[in-house]
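Trainee: Show me how the following folds:
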Amino acid sequence: MVVAARAEADPVALDRRPLRIAGAQGGPRALRALQARMVECRACPRLVAWREEAARVKVRRFRSETYWARPVPGFGDPRARLVLIGLAPAAHGGNRTGRMFTGDRSGDFLYAALHRAGFASQPTSLRPGDGLRLQDAFIVAPCRCAPPANMPRPDELRRCSTWLDGEMALLPRTRVVLALGGVGWDAVLQHFARRGIAIPRPRPRFGHGAVAHLSGAPVLLGSYHVSQQNTNTGKLTPSMLDSILSLARDLVQER
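Mentor: Numbering: from 1, shown residues only. Model (predicted):
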């Protein structure tokens, strides 16, 4: 299975990596216990195989590192009023470091914007233990394992929804959910429906800057994903994301 160009085999056993979960910054014991169960999940054979293969067959710049190679729990402030939902860990980003949007260029783009908006203590996210803390923000994903081609299958998203539902239930101060991309937007609507929240017909459509107000639910806000495909082509610029985070801040303070 080919993971990336210029990859090299690594003989280090995955079980030698230290299990130090870079998830909730304190918070309720129930949230930390949920994340401890999450990181042991092996429910999707295709994803398990891919995430572990990426940890054995490494891109050259990370060949000396031991990868996390487990499901990646949510990260941030458990008292957050803003929750961001992405797509899935990158094979050599979150799957390597064990922290959402950490160790890759998408994370560089996102955390720089969160820092400018006052939601992050620093503009960089290199690895757990680097001093980064989120302030009034928490990051989750609909798929917790790195998927081939960054595309989880519908059945994998359904199985993984257990973890999304569990984390969201333990973030009681959530006022705004910012979906980074259409998959995240759909996952939030499905999560709301599982909570018994009525989803209008036609369903709210994803778009950059889209806002959906649903009775009994946090405000849903949309942004293009911070993938390199979007940021390198100018589809999503720093000023565009700054505007979305400014709107998110305003919506948080209104509710």
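Trainee: pLDDT averaged over stretch 107-119 - what is it?
Mentor: Mean per-residue pLDDT for stretch 107-119: 98.
Trainee: try stretch 23-40
Mentor: Confidence for stretch 23-40, expressed as mean pLDDT, is 89.
Trainee: Tell me the buried residues in stretch 212-220?
Mentor: By neighbour count, and taking 16 or more other CB atoms under 10 Å as the criterion, the buried residues in stretch 212-220 are 212, 214, 217, 218, 219, 220. Where C-beta positions appear, they are placed from N, C-alpha and C, glycine not excepted.
Trainee: Ends of that stretch, what's the gap?
Mentor: Across stretch 212-220, the terminal residues are separated by 5 Å (CA to CA, to the nearest Å).
Trainee: Let's test this: mean pLDDT of that stretch, rounded?
Mentor: Looking at stretch 212-220 alone, the average pLDDT works out to 97.
Trainee: residues near the nearest residue to residue 212 once chain neighbours are set aside, how many?
Mentor: In this structure, residue 212 finds its nearest non-sequential neighbour in residue 204, 3.7 Å apart by CB to CB, 6 or more residues apart in numbering. The number of residues packed near residue 204 is 17, by other CB atoms under 10 Å.
Trainee: tell me the SS of residue 204?
Mentor: For residue 204, the reduced secondary structure class is coil; criterion used: DSSP: H, G, I helix; E, B strand; the rest coil.
Trainee: How about the one 5 residues further on?
Mentor: The three-state label given to residue 209 by three-state DSSP is coil.
Trainee: ok, now which ones touch it?
Mentor: 221, 222, 223, 243, 244, 247 (CB atoms under 8 Å, 6 or more residues apart in numbering).
Trainee: Torsion angles phi and psi at the nearest residue to residue 216 once chain neighbours are set aside?
Mentor: On the basis of CB to CB, 6+ apart, the spatially nearest residue to residue 216 that is not a chain neighbour turns out to be residue 197, at 5.3 Å. Backbone dihedrals for residue 197, given as degrees, to the nearest 10, come out at phi -80, psi 130.
Trainee: Identify the farthest-apart pair in the buried residues of stretch 212-220.
Mentor: In terms of CB to CB, those reach their longest pairwise distance at 212 and 218, which sit 9.9 Å apart.
Trainee: which of the buried residues of stretch 212-220 lies closest to residue 37?
Mentor: residue 218 (24.6 Å).
Trainee: before we move on, could you check phi and psi at the closest one?
Mentor: The main-chain torsion angles of residue 218 are listed as degrees, to the nearest 10 and equal phi -60, psi 160.
Trainee: can you pull out the helices in the stretch 1-150 of the chain?
Mentor: Secondary structure of the stretch 1-150 of the chain (DSSP state H, counting those that start in this stretch): helices at 29-38, 45-56, 94-97, 105-116.
Trainee: returning to what we had before: which two from the contacts of residue 209 end up farthest apart in space?
Mentor: 222 and 243 (12.4 Å).
Trainee: more neighbours, those two?
Mentor: residue 222 (23 against 14).
Trainee: How about the more buried one: what's its closest non-neighbour residue?
Mentor: residue 210 (3.9 Å).
Trainee: how close does that neighbour get to residue 245?
Mentor: When distances are taken as CB to CB, to the nearest Å, residue 210 and residue 245 turn out to be 15 Å apart.
Trainee: Tell me which of these two has more neighbours.
Mentor: Set side by side, residue 210 and residue 245 show more neighbours around residue 245, with 23 against 14, by other CB under 10 Å.
Trainee: which residues does the closest residue to the more buried one other than its chain neighbours contact?
Mentor: Taking CB to CB, 6+ apart, and ignoring the residues beside it in sequence, residue 245 has residue 117 as its nearest neighbour in space, at 4.0 Å. When contacts are counted by CB under 8 Å, 6+ apart, residue 117 touches 242, 245, 246, 248, 249.
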